[in-house]
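K.L.:
fold the following and give me the result.
(chains A and B)
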Amino acid sequence: MFSDALISNLTRAVHEDPETRLATRHATFSSLLEFGPHTLLMKAREGDVKFISSPTTDEPWDFSVRGSEEALRHLREAATPLTNHPIGMATQGVMAVGGGTPTHLRFEGNYQKLYANLAAVCAVLAQLRHVEG
Amino acid sequence: MANSNIESIVGRYVHVELDGRDYRTYFEENANAKGRPIVCLHTAGADSIEFRHLLADREIAERFRVIAFDMPWHGRSLPPDGWWKEEYKLSRRFYVAFVVAFCEAMGLDKPILMGCSMGGYVMFDIAHDHPERFSAFISLQGRDQEKAWDGLSKWFVHPEVNANTLIRPLIASLIPASAPEARRYEIEWIYARCGPGVLPGDFHFASVDHDSREYGPQLSRIGEKMYLIAGDWDWSCFKEHTDRIQQAIKGITVVRSPDLGHFPMSENPVAFRKALDPVLKKIEQRAS
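P.N.:
Numbers count the residues shown, from 1 in each chain, chains lettered A, B, ... in the order given. Predicted coordinates:
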């Protein structure tokens, strides 16, 4: 799911895309991306963003972005009203009244770190729609 | 001779008295417009600039006088003296009273009222409290109740979180991917200018004070002058939410748009006109 090609293309896109570069330039956090059995650590230090596949306990993280394999597919495919943005995918179930609208993603962990870096996290996740692998 | 480089929008201030305080309130309108006034209420944490496309719309100006104002604490309407000693919390009572007081200060007779998000929420409260003062109520992305907004409030005033950085992805998440790129980022910019503590203060109204579920059925007696426009790309305003309002308020006209999100008038002016036009035509037909 997080192939070497994907990680390589994502790293390049994050450092080359002007908007993502601006959004991550002072970002400092470690985040676990977990979709089904697949994990990827996203580590940002003042604009230097790295990805570590299948991280071990040697790599602590501040917050996680969790969802199903289907959720990751949504993040990579063309946007639809229900899968347009990670925040929408995390919030829509919370606001649903009929129980028919699912929450596709969950943000968990150190919320101060998450909200301080949310723009950077979302900018990086947005690149998943633009890279191959 | 008119200078075509200058837009027809003009901005002025009106003094609105409420609760013994004088609120110097900024408003914009489409100058030399004809027809019935439409008073526009902006979203939480934003200001009247959200309506700039409608205000500059020449075809609309032939039929309606569009007026958009900044609520106190928003845009160019400064908070009252002493704001540094009080936590801003918008209450239902103040919001409803201020909209009515603004219309009185402007000398407007039975204007059409249109508001988005929290401005769309308060539409149901104003319609309940003052059904005869307005000729129509147009709620954009309106909800009868939503408790979840307030959960974010703390983080917009937290010393270790930059609020105008935090707000941008939240706003982006509510806008259709299909909206023009420049318009999408325009809304992010509008929100990044929000004053300290203003968005949480507005969330207090939207999440805590506003709950029109109880009197929804009572609004059925004026249902023919109530309108709800809602876009599919807004995760805070699903079809199930508008269905609930439609079931409660008999006679309300509901327009769902596949091209709109949480900020219809700002994010996609063309798609907004497409959704708004049948509503305005219906209002004109009722008036004739």
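K.L.:
just after the lowest-mean-pLDDT helix or strand in chain A, pick out the following helix or strand.
P.N.:
Here the helix or strand of chain A ranked lowest by mean pLDDT, DSSP states H and E is helix A:86-95, holding a mean of 86. Moving toward the C-terminus from helix A:86-95, the next helix or strand (DSSP states H and E) is strand A:105-109.
K.L.:
related to what we said a few turns ago, tell me if the least confident helix or strand of chain A is near chain B.
P.N.:
Yes. Using CB under 8 Å from any CB of the partner chain, helix A:86-95 reaches chain B at A:Pro86, A:Ile87, A:Gly88, A:Thr91, A:Gln92, A:Val94, A:Met95. Any C-beta I mention is one placed from the backbone N, CA and C, and that applies to glycine too.
K.L.:
ok, now which ones touch the nearest residue to B:Lys250 once chain neighbours are set aside?
P.N.:
Take B:Lys250 and drop its neighbours on the chain: the residue closest to it by CB to CB, 6 or more residues apart in numbering or on different chains is B:Ser220, 3.9 Å away. Shown in contact with B:Ser220 (CB atoms under 8 Å, 6 or more residues apart in numbering or on different chains): B:Ala248, B:Ile249, B:Lys250, B:Gly251.
K.L.:
is it fair to say B:Ser220 lies in a strand?
P.N.:
No. Going by DSSP: H, G, I helix; E, B strand; the rest coil, the assignment for B:Ser220 is helix, not a strand.
K.L.:
distance of it relative to B:Gln247?
P.N.:
11 Å (CB to CB, to the nearest Å).
K.L.:
repeat for B:Ala271
P.N.:
B:Ala271 sits 26 Å away from B:Gln247 when distances are taken as CB to CB.
K.L.:
then B:Ile67?
P.N.:
32 Å.
K.L.:
so if I had to pick from the two, which one is more boxed in?
P.N.:
Neighbour count, other CB atoms under 10 Å in any protein chain shown: between B:Ile67 and B:Gln247, B:Ile67 has more, with 23 against 11.
K.L.:
if we ignore the residues flanking it in sequence, what's nearest the more buried one?
P.N.:
Counting by CB to CB, 6+ apart, the residue nearest B:Ile67 is B:Glu29, at 4.6 Å.
K.L.:
beta-bridge partners for that neighbour, please?
P.N.:
Beta-bridge pairing for B:Glu29 (DSSP bridges): B:Val10, B:Ile67.
K.L.:
quick one: neighbours of it, just the number.
P.N.:
Neighbour tally, B:Glu29, other CB under 10 Å: 24.
K.L.:
swap in B:Ala287?
P.N.:
Applying other CB under 10 Å, we find 12 residues neighbouring B:Ala287.
K.L.:
show me which residues of chain B are close to chain A?
P.N.:
Counting by CB under 8 Å from any CB, chain B sits next to chain A at B:146, B:148, B:155, B:158, B:160-162, B:165-166, B:168-170, B:172-174, B:176-177, B:232-233, B:235-236, B:238, B:240-241, B:244, B:258.
K.L.:
quick revisit: selecting buried members of the residues of helix A:86-95 next to chain B in ChimeraX, what would you type?
P.N.:
Buried residues among the residues of helix A:86-95 next to chain B (16 or more other CB atoms under 10 Å in any protein chain shown), as a ChimeraX selection:
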select /A:86,87,88,91,92,95
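K.L.:
surely B:Val14 meets B:Gly107?
P.N.:
No. B:Val14 is beyond contact range of B:Gly107, at 9.5 Å (criterion: CB atoms under 8 Å).
K.L.:
need the contact list for the nearest residue to B:Pro200 once chain neighbours are set aside.
P.N.:
Using CB to CB, 6+ apart and skipping the chain neighbours, the partner closest in space to B:Pro200 is B:Ser153 (3.6 Å). B:Ser153 sits next to B:Leu199, B:Pro200, B:Phe203, B:His204 when contact means CB under 8 Å, 6+ apart.
K.L.:
great, nothing more from me.
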